[in-house]
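# fold the following, please.
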Amino acid sequence: MAEAKKKTRKRIYNPVTGRYYELRQRTTESGRKGQIKGLWRPPKKRRKKSLLDIIFEK
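Residues are numbered from 1 along each chain as shown. Here you go, the predicted model:
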């Protein structure tokens, strides 16, 4: 029987400030797992370029 993996939290909410904070996902040279890195921002949406965009690019 396969065990369900625990989902890691990538952000935490501060109800006082109303902001989300990003958490460190793994231990690195610059910090330990679970430390607050700073304000959380959603990932940028990448736009795929079509062939016409490449041809007519300025």
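# just the element for residue 21, please.
Per DSSP states H and E, residue 21 falls inside strand 19-23.
# tell me which stretches of this structure form strands.
Taking DSSP state E as the criterion, the chain carries its strands at 11-14, 19-23, 36-39.
# can you name every helix or strand that the second one contacts?
Counting contacts by 3 or more Cβ pairs under 8 Å, 6 or more residues apart in numbering; DSSP states H and E, strand 19-23 packs against strand 11-14, strand 36-39. Where you see a C-beta, it was placed from the backbone N, CA and C, and this is true even at glycine.
# just for the protein, where's the confidence low?
Applying pLDDT under 70 to the chain flags the ranges 1-8, 58.
# can you get me a residue count around the residue lying closest to residue 9 once chain neighbours are set aside?
Counting by Cβ to Cβ, 6 or more residues apart in numbering, residue 9 lies nearest to residue 23, which is 6.1 Å off, once chain neighbours are set aside. When neighbours are counted by other Cβ atoms under 10 Å, residue 23 registers 16.
# contacts only, for residue 23.
If you count contacts by Cβ atoms under 8 Å, 6 or more residues apart in numbering, residue 23 has them with 9, 10, 11, 12, 34, 35, 36, 37.
# closest to residue 48 among those?
Nearest to residue 48 among those, counting by Cβ to Cβ, is residue 10 at 24.6 Å.
# reformat the helices and strands packed on strand 19-23 as CSV; add distance to residue 28 and mean neighbour count.
Shown next, in CSV, are those (distance: least, Cβ to Cβ, whole Å; neighbours: other Cβ atoms under 10 Å):
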stretch, distance to residue 28, mean neighbour count
strand 11-14, 18, 12
strand 36-39, 10, 11
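# and the closest residue in space to residue 31 that isn't next to it in sequence, how far from residue 45?
Spatial nearest neighbour of residue 31, chain neighbours left out: residue 24 (5.3 Å); criterion: Cβ to Cβ, 6+ apart. Shown here: residue 24 relative to residue 45, a distance of 24 Å by Cβ to Cβ, to the nearest Å.
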